[in-house]
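> Okay, structure incoming, though there's no sequence with it:
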């Protein structure tokens, strides 16, 4: 199983139709807003992104694997369902760890901006 190829494909249509079989049942996930363990919670988080936000897009800028570590650089963007539907963009990177069974058992996201910066985008749109 080529995890890098699967992740590239999944991120092209994120958050829809993700390949959850590449993740361990006890996957650990952490980002600036969440921290939990378990594939069901992971699926729920992805479904929430798909349900709460409009026109979600994950731009994958780079992905590489070295041993049991996969690193990705990306920008996640969406429109928030407020009356003015602001377009929000969060640049960041992920570090995933692969276990001895070849499954991703840790996924940690880092943002290249603060939670306050994300909140500000809702009221002060970025200049294009």
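Okay, I see it. All figures in this text were calculated on a predicted structure; none of them were measured in a lab.
> Only C-alpha atoms from now on, for both contacts and neighbour counts.
Fine.
> and the least confident helix or strand in the chain by mean pLDDT, what other elements does it pack with?
The helix or strand of the chain with the poorest confidence is helix 115-121; it has a mean of 93 (mean pLDDT, DSSP states H and E). In terms of contacts (3 or more C-alpha pairs under 8 Å, 6 or more residues apart in numbering; DSSP states H and E), helix 115-121 is packed against strand 87-98.
> Report the next helix or strand after the strand it packs on in sequence order.
Per DSSP states H and E, strand 87-98 leads on to strand 104-111 as the next helix or strand towards the C-terminus.
> between that following strand and strand 87-98, how many degrees?
Relative orientation of strand 104-111 versus strand 87-98 (axes from the mean of the first three to the mean of the last three C-alpha atoms, to 10 degrees): 150 degrees.
> Direction included, what does strand 104-111 pair against?
According to DSSP bridges, the neighbouring strands of strand 104-111, each with its direction, are strand 23-30 (parallel), strand 87-98 (antiparallel).
> mind listing what's buried in the shortest one?
So the one you mean is strand 23-30. With burial defined by 16 or more other C-alpha atoms under 10 Å, the residues of strand 23-30 counted as buried are 23, 24, 25, 26, 27, 28, 29.
> Many thanks, have a good one.
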